[in-house]
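[1] What follows is a predicted structure for the sequence shown.
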Amino acid sequence: MTDPVAAMCEQLVKAVTVMMDAESNQRYRLEALKFCEEFKEKCPFCVPCGLQLADKSQAAVVRHFGLQILEHVIKFQWNSMPQQDKVHLKNCTMELLTKSGRSTGRTC
């Protein structure tokens, strides 16, 4: 059985790749953008996927999107998040900042 977070992260990486590829058909790029935006608005895996995509091991455009996901969560979902989730997100984000120069090889 596939881990749903890993599967979603894989789909997001593919979508970001399609969006950023100049050779992609405009229709596919728009569909990929719509998928990414709907993910940020509705998916319960925003924090784990955002952290996984923001890892140093990812391509720069994927890391950027991962950070955008985390920013979106903080801006729009923070007030409704349980305290434990806030602490987890804060700790993981601080770890991302302190380890940004090297890959840790693990997810928070």
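    Received, thanks. Numbering: from 1, shown residues only.

[2] What average pLDDT does the helix or strand containing Q68 get?
    Using DSSP states H and E, Q68 sits within helix 60-76. Across helix 60-76, the average pLDDT comes to 96.

[3] What's the first helix or strand after it?
    Remark: after helix 60-76, the chain's next helix or strand is helix 83-98, criterion DSSP H and E.

[4] which residues make contact with the helix holding Q68 from outside it?
    Applying Cβ atoms under 8 Å, 6 or more residues apart in numbering, the contact partners of helix 60-76 are 12-13, 16-17, 20, 36, 39-40, 46-47, 49-56, 58, 81, 89, 93. All C-beta spots, glycine's among them, are computed from the backbone N, C-alpha and C.

[5] Among these, name the buried ones.
    Taking 16 or more other Cβ atoms under 10 Å as the criterion, what is buried in these is 12-13, 16, 20, 36, 39-40, 46-47, 49-55, 58, 89, 93.

[6] E23 versus the residue nearest the centre of the chain, what's the distance?
    Of all residues in the chain, the one closest to the mean position by Cα atoms, centre = their mean is G50, 2.5 Å from it. G50 is 27 Å from E23, where distance means Cβ to Cβ, to the nearest Å.

[7] Poorly predicted segments of the protein, please.
    Along the chain, the parts satisfying pLDDT under 70 run over 1-2, 101-108.

[8] burial measure for N91, as a count.
    11 (other Cβ atoms under 10 Å).

[9] should've said L70
    21.
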